[in-house]
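Asks: how would this look folded up:
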Amino acid sequence: MPRGLGAETAARPPGGHGRRARAGRARGAGRDVSAATEPVRFREALRAVLPTFLAVRLGTLVLGLLSVGLFPPLDPVSVPGWPAPPMPDPGWHALFTAWERFDALWFLRIAEHGYATGDGSAAFFPLYPMAVRLVSTLLGGHPLAAALLVSNAAFLLALAVVYDLARSERSGSVARTTVLLLATFPTAFFFLAPYSEPLFLLLAALAFRAARRGRWAVAGAAGLGAALTRNVGAIVAVALAAEAFQRRREGERCLARGLLAAVAAASGTLLYLASWQLRSGDLLAPLHQQATWQRSFSWPWSTLAQATRIAFRYVGQTNGPYWLIDWVLVVPVLAVSVLALVRYRWIFSVYLWGGLLLPLSFVFPDRPLMSMPRFVLPLFPAFWAAAEVLERQRVPPWAAAAVGAAGLGLLLPLYVGWYYIF
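Replies: The predicted model follows:
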């Protein structure tokens, strides 16, 4: 199977007070936070995002349980060394087993039994399953419970970091709306499932937050973790280098420290590749094993053109909605991401567009945007941009969140029923 809101906004226009305000915010906002105030700011951020997290967590928990018997399920698909849970699977334990679908099985298998040569497991980077294995050991050997704990804790912390970063880089209202949009995006349930996206979002946001505040050692360490979490983690290294060069262009003497942080981040990818060279003699095994999911190179514009043609060709036909769902979720993200090219610092633009263009370049031909609605989840600058568009157009954030939550309510039951939402 292929895988694959606030008072300050009312007091001033969304863009600030003209060009000078925007330029000042772009250059220095991230550096105005002192180390002494960091813990206080983070506690404030955690309190701000906790209600949203709890509402989404409880809502999806109930919906996941109901979804087990809501639709006739498709056949479960096991992975080598880890059988899929049976369907139907009645009982209260389905509160948790309902989340064990698709790539979650790979992460659980790797956490419990490790990697194997040639079975496709190399495509999954190691930090998330390592964290699951550690927590599972502490719990006495319960990998699914451990994976859910890791994902949920990482998502809560990631929301707080994204909120704090958005508050310092954009505004308090943009920060609040960003968290709301991110938590109610139609595929946001992947943040709560045994997937690596929440840990990656946390580490990437931590790296950028540290870099913007001149804490390059922290940025490098978090970037290294991000590169060990997902194959697109190397983009974090490029984004850190971009920030170092932009700081140098603005007259700061931090190029060497910034580039060292970027090298540290890139070393995460290199370490994982080197481990496969030692294990199997194939340095590029994590890339070669992407062939298991039948992905091949395509120019991003060709991917989008093909996806657009297919999305509207099969409307109303059996399985036709999959292509349309992909298109409806991905194309608006691409549209708002154009703002990043002209309004955001290089670090955020590079991360956002690198995270978009890379998966758009390696696609499953029969479903060009397969998994893209999940891949866009950690690209938080796109959600900043969406929040700013809503402010400019005076659209209430709750209205956009309601639309997203409706999509979430549709896609989560499909995911639980083994329909092709991955």
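Asks: my guess is residue 330 meets residue 379, correct?
Replies: No: look at residue 330 against residue 379 with CB atoms under 8 Å: they stay out of range, at 11.0 Å. (C-beta placed from N, C-alpha, C; glycine too.)
Asks: Just give me the neighbour total for residue 340.
Replies: 22 (other CB atoms under 10 Å).
Asks: same check, this time on residue 81
Replies: Using other CB under 10 Å as the criterion, residue 81 is surrounded by 16 other residues.
Asks: Tell me who's in contact with the residue nearest to it when sequence neighbours are not counted.
Replies: Counting by CB to CB, 6 or more residues apart in numbering, residue 81 lies nearest to residue 109, which is 4.9 Å off, once chain neighbours are set aside. The contact partners of residue 109, by CB atoms under 8 Å, 6 or more residues apart in numbering, come to 79, 80, 81, 82, 121.
Asks: neighbours of residue 394, just the number please.
Replies: When counting by other CB under 10 Å, one arrives at 8 neighbours for residue 394.
Asks: What distance do you get for residue 292 to residue 80?
Replies: Residue 292 sits 10 Å away from residue 80, going by CB to CB, to the nearest Å.
Asks: Can you list the buried residues in stretch 94-103?
Replies: Using 16 or more other CB atoms under 10 Å as the burial criterion, the residues of stretch 94-103 that qualify are 94, 96, 97, 98, 99, 100, 101, 102, 103.
Asks: where's that stretch relative to the chain centroid, distance-wise?
Replies: Using CA atoms, centre = their mean, to the nearest Å, the distance from the centre of stretch 94-103 to the centre of the chain it belongs to is 19 Å.
Asks: Need the residues touching each of residue 292 and residue 80.
Replies: Once CB under 8 Å, 6+ apart is applied, the residues that residue 292 and residue 80 both contact turn out to be residue 120.
Asks: Neighbour count for the two, which is higher?
Replies: Taking other CB under 10 Å, residue 292 and residue 80 do not tie; residue 292 has more neighbours (16 against 13).
Asks: my read: that one touches residue 124, true?
Replies: No: applying CB under 8 Å as the test, residue 292 and residue 124 come out as separate, 10.8 Å apart.
Asks: how close does the residue nearest in space to the middle of the chain sit to residue 371?
Replies: What sits nearest the mean C-alpha location of the chain, by CA atoms, centre = their mean, is residue 378, with 2.2 Å. Taking CB to CB as the criterion, residue 378 is separated from residue 371 by 13 Å.
Asks: got any ranges where the stretch 251-400 of the chain has weak pLDDT?
Replies: For the stretch 251-400 of the chain, no stretch has pLDDT under 70.
Asks: before we move on, back to that, and the buried residues of stretch 94-103, which is closest to residue 390?
Replies: Checking the buried residues of stretch 94-103 against residue 390 by CB to CB gives residue 99 as the nearest, at 30.1 Å.
Asks: can you map out the helices along the stretch 301-422 of the chain?
Replies: If you assign secondary structure with DSSP state H, counting those that start in this stretch, the helices in the stretch 301-422 of the chain sit at 321-343, 346-361, 372-375, 380-392, 397-416.
Asks: check contacts around residue 108.
Replies: So, once contact is read as CB under 8 Å, 6+ apart, residue 108 ends up touching 82, 100, 129, 132, 143, 144, 147, 194.
Asks: wait, residue 371 sits on residue 360?
Replies: No: taking CB under 8 Å as the definition, residue 371 is not a contact partner of residue 360, at 11.1 Å.
Asks: Residue 130 versus the residue nearest to residue 283 when sequence neighbours are not counted, what's the distance?
Replies: Here the nearest residue to residue 283 in space, its sequence neighbours aside, is residue 277; by CB to CB, 6+ apart that works out to 4.3 Å. Taking CB to CB as the measure, residue 277 falls 19 Å from residue 130.
Asks: okay, those two: which has more neighbours?
Replies: residue 130 (15 against 12).
Asks: show me the contacts for the more buried one.
Replies: For residue 130, the contact set (CB under 8 Å, 6+ apart) comprises residue 111.
Asks: Give me the buried positions along the helix or strand containing it.
Replies: When secondary structure is defined by DSSP states H and E, residue 130 falls within helix 127-138. Going by neighbour count (16+ other CB under 10 Å), the buried part of helix 127-138 is 127, 128, 129, 131, 132, 133, 135, 136.
Asks: who does the helix or strand the residue nearest to residue 283 falls within touch, helix- and strand-wise?
Replies: Mapping residue 277 onto the secondary structure by DSSP H and E places it in helix 255-280. Helix 255-280 makes packing contacts with helix 197-212, helix 216-227, helix 234-249, helix 285-288 when contacts are defined by 3 or more CB pairs under 8 Å, 6 or more residues apart in numbering; DSSP states H and E.
Asks: Could you rerun that using 6 Å?
Replies: With contacts defined as 3 or more CB pairs under 6 Å, 6 or more residues apart in numbering; DSSP states H and E, the packing partners of helix 255-280 are helix 216-227, helix 234-249.
Asks: number of nearby residues for the residue nearest to residue 156 when sequence neighbours are not counted?
Replies: Closest residue to residue 156 in three dimensions, ignoring its sequence neighbours and counting by CB to CB, 6+ apart: residue 53, at 5.0 Å. For residue 53, the neighbour count with other CB under 10 Å is 21.
Asks: Same list, the helices of the stretch 301-422 of the chain, but as a markdown table with distance to residue 233 please.
Replies: As requested, these are arranged in a markdown table below (distance: least, CB to CB, whole Å):
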| stretch | distance to residue 233 |
| --- | --- |
| helix 321-343 | 19 |
| helix 346-361 | 10 |
| helix 372-375 | 13 |
| helix 380-392 | 15 |
| helix 397-416 | 24 |
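Asks: among those, which is nearest residue 189?
Replies: When these are compared by CB to CB, helix 397-416 sits nearest residue 189, at 4.7 Å.
Asks: buried stuff in the closest one?
Replies: Of all the residues in helix 397-416, those buried under the rule 16+ other CB under 10 Å are 397, 400-401, 404-405, 407-409, 411-416.
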